[in-house]
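Novice: Here is my input; please provide its structure:
(chains A and B, ligands or ions: 1)
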Amino acid sequence: MIIEFTPDQQMIREEAQRFLREQSSSEATRRVVDAGASHDVGLWNSISHELGWCAMAIPEEFGGLGLGATEVAMLMELTGARLACVPFWSTVCLAAPLIEAAGSEDAKTRYLGAIAAGEIAATVAFGDLSVADPLAVTSVKAVKSAGGYVLTGKVAQVIDLAVADLVIVPAKLDNGAIALFTLERDAGQVIVPLKVLDGTRPIASLELAGVAVSAAQRVDAGGLTAAAAQSALAFANLGLAAEQLGAAQGALDVTLAYIAERVQFGRTIASFQAIKHRCAELVVGIAEARSLVFGAAASLGEADADESALEISGARVLASDLQFRAAEEAIQLHGGVGFTWEYDPHLYFKRAQASAALLGARDAHLDSIAASVFGDGGQK
Amino acid sequence: MSDLDTFRAEVREWMASHLTGKFAELKFRGGSGEGDALPELRKEWERELAAGRWTCPGWPREHGGRGLSVAEQVAFQEEYSRAGGPGRMGHIGEGLMGPTLIAFGTEEQKKRFLPGILNGTEFWCQGYSEPSAGSDFGNIKTRAKLDPVSGDWIVSGQKVWTSLAHLSDWIFVVARCEEGSVGRNGLIFLLMPLAQSGVEIHPIKQIGGGAEFNSVFFDDARANARDVVGQPGDGWKIAMALLGFERGISTLGQQMSFQQELDLIVEISKENGSDRSPAIRQRVAYAWTGLRAMRYLAMRVLSDDQSAETRREALTYKYQWSNWHRDLGRLAMDVLKMDANVVSHDPRRERLQQMFLFARADTIYGGTNEIQLNIIAEQGLGMPREPRGKL
Ligand SMILES: Cc1cc2nc3c(=O)[nH]c(=O)nc-3n(C[C@H](O)[C@H](O)[C@H](O)COP(=O)(O)OP(=O)(O)OC[C@H]3O[C@@H](n4cnc5c(N)ncnc54)[C@H](O)[C@@H]3O)c2cc1C
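Specialist: Predicted structure coming up:
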């Protein structure tokens, strides 16, 4: 297998790059962060309505373009590079793949179509965002009632909740199985936006104090299977790894621009070998992470699902390490201004922390790779 | 079965039926750190490969190769390594000298030299580095003087770190042919037989105890007038082009042997309980991840993708695999624990111990780590070049 983008993919990538360069500037990100806003409304409108990015990976029968993981990873990488404040990951990599993998035909028709058309933003209220298997845990209970179910419980942190038109809530049934429910806006849930360290990705808590939902709002086709969960999480992690890779590239780009101008000792600081080498090391990390992200994307659906899951775990490990390193170097190589609010490195640094914590820290991903490599299912 | 699968099966079949009998002893030998192991038998193995037309399979047909596609060459390298095919005595001829002659040699040179490489009868070594020209390869001092009577070149000077010179028939030498020239200018690329008066070869004992590399002394040694590649003065251009052939497909075979080393580490750690250490497990998982990334990077580099990212990131490949391998050496020793310290003829342990030691060279030859980072920064990122000193 040879890994390369097709001419169509190359074109999508170049156009997206051009669009984001114009529309997703540092100023645009700062406007959202400084205002504590939920997202960049104009940017999200363009992405979802005009450019049709949300339709990329949704099957054609549900109104999408039927393209694959590679296209989504490409767009995640590019939005990551600009720290674009849009609910793209939650809508396209969390909610849509979960509905596609586990949803009933009815749910797919209803929601995937709306996502593809750019009509709604969506998210998933995972019980615990920090673990590698977030669909296995939830503190929300669903009790059967006359017309449907009653949902009760609290979810501490939900990404992009305030902007989402639709939230998918995994909840535990009486028999212990997990089922998926959808809530549209103002359906009785209480949403409390949290003050977050990384202002580029909003988080809110979700409280369900006995919210009644109809039977039709249960969207899983008779229970969430392990295979469906794995398939949805593959997309979530792949998209996140791509975004982390992009953010690392973004941090490096910002740094390269600065050090090419800054003069000390009668020369640009970019001419010092110590600094050249550190930038070069980041290129090495980027090459590694990009190869694994796009290699895994190309083989997702072709290779065995367990093998793909391992590759994607590996991509998360590399991308998390890399994103942090790139952001740290951005601060260090900017010197004093790297410590200010005015310059961009802190935005990348905070995003690095926030992303690394999501969906399994590096140790958890390494543990699952080890379990497979040693063939012992993991050490207790 | 796809054509590629059929081809793979053919290679596997051939290896299974030929790497047997007296050649069985060669399985997994002659790799990292023991390039000089069992040399006579390995040369015979080269002729066995040649008889099956498996030397130089990537060369064009008109030059005696099979003209295999990139995907087929990758498959060949992988199956060769998987079967335990020994380190190739002929790889400098096949991978470096041959492609350079095909690109830049005269018809007469091709006729004279390509058959020896194809048949596994003539072995080559690389005479670039000198005591004062290591990373600074342009600082070559070995002199080539034109003998006005014969048109031959008379060579004096010293090459060093010349791998397998003591087991080779020919050496390609980069020497200074213009009096007073400096740096990249005034160099010549010469093909020289080693068996001549005026050439002395002194093996140098290495970190692992063996002696794969040598000092090669030239004292009025002779290169025939016909044996200049390109024009006198073109030496730098030819020498660089030759290095370009190095970053090729054989790296996929190398990755297969990396995988075998990793498998061996996992196997041993399950036997001796190292697999119970969470830190070891994480390092093994990290090594697995790095190897997978490396594999996909190689596949990007071998593709037709000419995007700026891919061209830039291709520059990182050498740095990546060499540092990965060095770390693997440390991991292997940590897994072996006290056994790492005792020299043994257990082939598994010996392989890992040699790998641990030899991997230290991976980040030195073929451009050191620091030179690789300079290249990535300067060529990949367009950062300012290193200034040259005056000493
Ligand atoms: C196992 C092995 C096999 C070899 N086989 C061959 C062979 O067959 N033929 C052949 O011609 N050569 C061969 N070599 C030689 C190899 O190419 C050189 O060792 C290598 O190019 C480094 O040169 P040097 O040893 O002179 O080190 P130096 O160039 O002296 O380097 C010493 C240290 O200084 C650093 N350094 C040098 N310049 C810079 C710079 N500009 N910026 C920052 N740091 C710098 C280096 O990175 C290194 O860490 C072999 C070497 C080894 C180890």
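Novice: Any regions of the chain where pLDDT drops low?
Specialist: By default, I'm working from chain A. The model of chain A has pLDDT under 70 over residues A:1-2, A:379-380.
Novice: actually it's chain B I care about, not the one you picked
Specialist: Across chain B (using pLDDT under 70), the flagged ranges come out as B:1, B:246-248.
Novice: What are the structural domain limits within it?
Specialist: Domain assignment for chain B, taken from automatic domain parsing, gives B:3-89, B:124-235, B:250-380.
Novice: Tell me the span between the first and last residue of the shortest one.
Specialist: Translated: domain B:3-89. For domain B:3-89, the separation between the terminal residues is 29 Å (CA to CA, to the nearest Å).
Novice: for the second one, same thing?
Specialist: Between the start and the finish of domain B:124-235 there is a gap of 18 Å, counting by CA to CA.
Novice: For the ligand, what's its nearest residue on the stretch 251-380 of chain A.
Specialist: Closest approach between the stretch 251-380 of chain A and the ligand, counting by CB to the nearest ligand atom: residue A:273, at 6.1 Å. C-beta coordinates here come from the backbone N, C-alpha and C atoms, glycine included.
Novice: Find the residue closest to that residue in space, skipping its chain neighbours.
Specialist: Taking CB to CB, 6 or more residues apart in numbering or on different chains, and ignoring the residues beside it in sequence, residue A:273 has residue B:386 as its nearest neighbour in space, at 6.6 Å.
Novice: Please identify the helix or strand for the residue of the stretch 201-350 of chain A found nearest chain B.
Specialist: The minimum distance from the stretch 201-350 of chain A to chain B, using CB to the nearest CB, falls at residue A:295 (3.0 Å). Using DSSP states H and E, the secondary-structure element containing residue A:295 is helix A:273-299.
Novice: Could you dump the domains of chain B into JSON lines with distance to residue A:149 and mean neighbour count added?
Specialist: Below are the domains of chain B laid out as JSON lines (distance: least, CB to CB, whole Å; neighbours: other CB atoms under 10 Å in any protein chain shown):
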{"stretch": "domain B:3-89", "distance to residue A:149": "51", "mean neighbour count": "18"}
{"stretch": "domain B:124-235", "distance to residue A:149": "69", "mean neighbour count": "18"}
{"stretch": "domain B:250-380", "distance to residue A:149": "40", "mean neighbour count": "19"}
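Novice: closest to chain A out of those?
Specialist: domain B:250-380 (3.0 Å).
Novice: Look at the residue nearest to residue A:273 and give its secondary structure.
Specialist: Secondary structure for residue B:386, judged by DSSP: H, G, I helix; E, B strand; the rest coil, is coil.
Novice: anything in the lengthiest helix in chain A near chain B?
Specialist: The longest helix of chain A (DSSP state H) is helix A:226-261. Yes. On the criterion CB under 8 Å from any CB of the partner chain, helix A:226-261 is in touch with chain B at A:256, A:260.
Novice: and that helix, what other elements does it pack with?
Specialist: helix A:69-81, helix A:96-102, strand A:267-268, helix A:273-299, helix A:305-334, helix A:345-356 (3 or more CB pairs under 8 Å, 6 or more residues apart in numbering or on different chains; DSSP states H and E).
Novice: now do 6 Å
Specialist: Based on contacts counted as 3 or more CB pairs under 6 Å, 6 or more residues apart in numbering or on different chains; DSSP states H and E, the elements that helix A:226-261 packs against are helix A:69-81, helix A:96-102, helix A:273-299, helix A:305-334, helix A:345-356.
Novice: Cool, thanks, signing off.
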